[in-house]
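Undergrad: got a predicted model here, sequence first, then my questions.
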Amino acid sequence: MNYPLEMLSREELKVLFKLFEIKPSEKEPVASLERKLSKVLSPVKGFFNDPMDYLKFMDKIAEQNNIYLSATDSAYEKESELFVSLYQTNFQQLSVDEQKEFLVHLENKGLSKDQVASLAALSTLGAAQISGMGIYLLASSSVGAISAALNITLAFSVYTTMSSVISTVIGPIGFAIAAIPLIRAYKGVRNWPDIRDKSIDIYKGLESTFKNVLIGNFTKAEMAFNYLAGLRIMKVTEIENQIKELKNEINVVDIKQNDLNSSIHTIEADISELDSMIDGKDRDIEDLKSKINRLREEIDTIETSKRKLKDQQSNNRAQVSKVHAKRLDFSSLSSESELKIEQKEKELKNLKK
């Protein structure tokens, strides 16, 4: 019968159990609740009718309130549209002065101008046009009003990060703005803290009238519907907010990743430049090594010449002076070369550090 009961926690189910006089301890209480929901709008408590699924359940409530719903197979879309339309219908049934007084009173009781304006806008906008605080505020107040009137406290902060709003609307203000079919019953109430007491009186004996037996209990059905729809809106809003936060976190991570990638590219460019400089130094070292080899070859040549000169010295003492002078020249050249070698070896050593 596709009533969205599986989304409710054990605590949330207690509200509907109490509304439909079901003991949580009985066997399969959720199945019993679904059966009662499917028959609550049937004449004579559904004894002569087949169970009504959730889509038909919503259609019957809409028909009873002269609300036209868009054709859709989506239970959530139909649920959202009917939820807002019920509020709109009840709000519009107040006189202009009552509407103004109603909104002013909400502001005096703690709602901000933006929150009050958001709720006022709900009375003229279609469900498809509504998003954000208005529909959320309406949903939370409906759930708060119904559960509190039945003396059941729910931990609304479990669902949402907007718990500060919830704590405001589930008080006496919550009863005033709850989208329930009893809003007109509060006309004339001036002592707002007493709204809770009046709500409980209205909720008592909902099945006691002959009309409920003949056509079904629309008051109880609308209370159950608004409770289910309100909870779903709150939970959907929570998940949407979580998704939004996760997407924001992903965006932040992406930005950080892009910054890191940029840093990596910069570092890689620096590394490439250093590689080029190192290659240049390697080439300088190779050039120096080639020079050293050439100098060593020169030394070898000089040494060979020196030995030849010594051999000639014994055979040609007459030319000793000339040869000696020449040898001194070669010795001087050799010394310079050795100094150069020493200098180059120092340079080579420094480069290899």
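TA: Now that the structure is in, tell me what you want to look at. Numbering: from 1, shown residues only.
Undergrad: alpha carbons only for contacts and neighbour counts from here, please
TA: Will do.
Undergrad: can you classify residue 25 as helix, strand or coil?
TA: coil (DSSP: H, G, I helix; E, B strand; the rest coil).
Undergrad: and it, how far from residue 14?
TA: Applying Cα to Cα, to the nearest Å, the value for residue 25 to residue 14 is 11 Å.
Undergrad: and the two? which has more neighbours close in?
TA: residue 14 (21 against 7; other Cα atoms under 10 Å).
Undergrad: that one: which element?
TA: Assessed by DSSP states H and E, residue 14 sits inside helix 10-19.
Undergrad: report the buried residues of that helix.
TA: 12-17, 19 (16 or more other Cα atoms under 10 Å).
Undergrad: which members of the residues you listed are the farthest-apart pair?
TA: The distance between the two most remote of these (Cα to Cα) is 11.8 Å, for 12 and 19.
Undergrad: re the thing from before, of the buried residues of helix 10-19, closest to residue 235?
TA: residue 12 (12.2 Å).
Undergrad: for the longest helix that the chain contains, the averaged confidence score.
TA: Using DSSP state H, we find that the single longest helix of the chain is helix 218-315. For helix 218-315, mean pLDDT rounds to 90.
Undergrad: so the closest residue to residue 299 other than its chain neighbours is in which element?
TA: Leaving aside its sequence neighbours, residue 299 sits nearest to residue 334 (Cα to Cα, 6 or more residues apart in numbering; 7.0 Å). Secondary structure assignment for residue 334, by DSSP H and E: helix 320-351.
Undergrad: same thing with residue 51?
TA: With DSSP H and E as the test, residue 51 turns up in no helix or strand.
Undergrad: ok, the residue lying closest to it once chain neighbours are set aside - contacts?
TA: Spatial nearest neighbour of residue 51, chain neighbours left out: residue 38 (4.9 Å); criterion: Cα to Cα, 6+ apart. Residue 38 sits next to 1, 51-54, 57 when contact means Cα atoms under 8 Å, 6 or more residues apart in numbering.
Undergrad: just the buried ones from those?
TA: Buried residues within these, defined by neighbour count using 16+ other Cα under 10 Å: 51-54, 57.
Undergrad: any chance of those in JSON lines, plus pLDDT?
TA: Formatted as JSON lines, the buried ones among the contacts of residue 38 follow (pLDDT from 0 to 100):
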{"residue": "51", "pLDDT": "85"}
{"residue": "52", "pLDDT": "90"}
{"residue": "53", "pLDDT": "91"}
{"residue": "54", "pLDDT": "92"}
{"residue": "57", "pLDDT": "93"}
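Undergrad: out of those, who's nearest residue 295?
TA: Taking these together and measuring to residue 295 by Cα to Cα, the closest member is residue 54, at 102.3 Å.
Undergrad: so the closest one makes contact with residue 3?
TA: Yes - judged on Cα atoms under 8 Å, residue 54 makes contact with residue 3 at a distance of 5.2 Å.
Undergrad: picking that back up, can you give me the angle the helix holding residue 334 makes with helix 218-315?
TA: 170 degrees (axes from the mean of the first three to the mean of the last three Cα atoms, to 10 degrees).
Undergrad: other SSEs contacting helix 320-351?
TA: When contacts are defined as 3 or more Cα pairs under 8 Å, 6 or more residues apart in numbering; DSSP states H and E, helix 320-351 packs onto helix 218-315.
Undergrad: about what we covered before: which one of the buried ones among the contacts of residue 38 is nearest to residue 257?
TA: For the buried ones among the contacts of residue 38, the closest approach to residue 257 (Cα to Cα) belongs to residue 54, at 47.7 Å.
Undergrad: for residue 277, see how far away that closest one is.
TA: Residue 54 sits 77 Å away from residue 277, going by Cα to Cα.
Undergrad: check residue 238 too.
TA: From residue 238 to residue 277 the distance is 58 Å (Cα to Cα).
Undergrad: more neighbours: which of those two?
TA: With neighbours defined as other Cα under 10 Å, residue 238 and residue 277 compare such that residue 238 has more, 18 against 12.
Undergrad: any idea how far residue 232 is from the more buried one?
TA: Counting by Cα to Cα - residue 238 and residue 232 are separated by 10 Å.
Undergrad: can you check residue 97 too?
TA: 33 Å.
Undergrad: what stretches of the stretch 101-250 of the chain score poorly on pLDDT?
TA: Along the stretch 101-250 of the chain, the parts satisfying pLDDT under 70 run over 106, 109-113, 115-138, 140-141, 144-151, 153-216.
Undergrad: sorry, back to before: more neighbours: which of residue 97 and residue 232?
TA: Taking neighbours as other Cα under 10 Å, residue 97 and residue 232 compare with residue 232 leading, 19 against 8.
Undergrad: where's the closest residue to that one other than its chain neighbours, which helix or strand?
TA: Nearest residue to residue 232 in three dimensions, chain neighbours excluded: residue 7, at 7.8 Å (Cα to Cα, 6+ apart). Per DSSP H and E: residue 7 is located in neither a helix nor a strand.
Undergrad: and residue 7, how many neighbours?
TA: Residue 7, neighbours per other Cα under 10 Å, totals 13.
Undergrad: what of residue 61?
TA: 19.
Undergrad: SS state for it?
TA: What three-state DSSP gives for residue 61 is helix.
Undergrad: and the pLDDT for it?
TA: 91.
Undergrad: quick one: contacts for it?
TA: 218, 221-222.
Undergrad: now, which of the residues you listed sits nearest residue 101?
TA: The closest of these to residue 101 turns out to be residue 222 (Cα to Cα; 25.3 Å).
Undergrad: distance check, that closest one against residue 65.
TA: Residue 222 is 10 Å from residue 65, by Cα to Cα.
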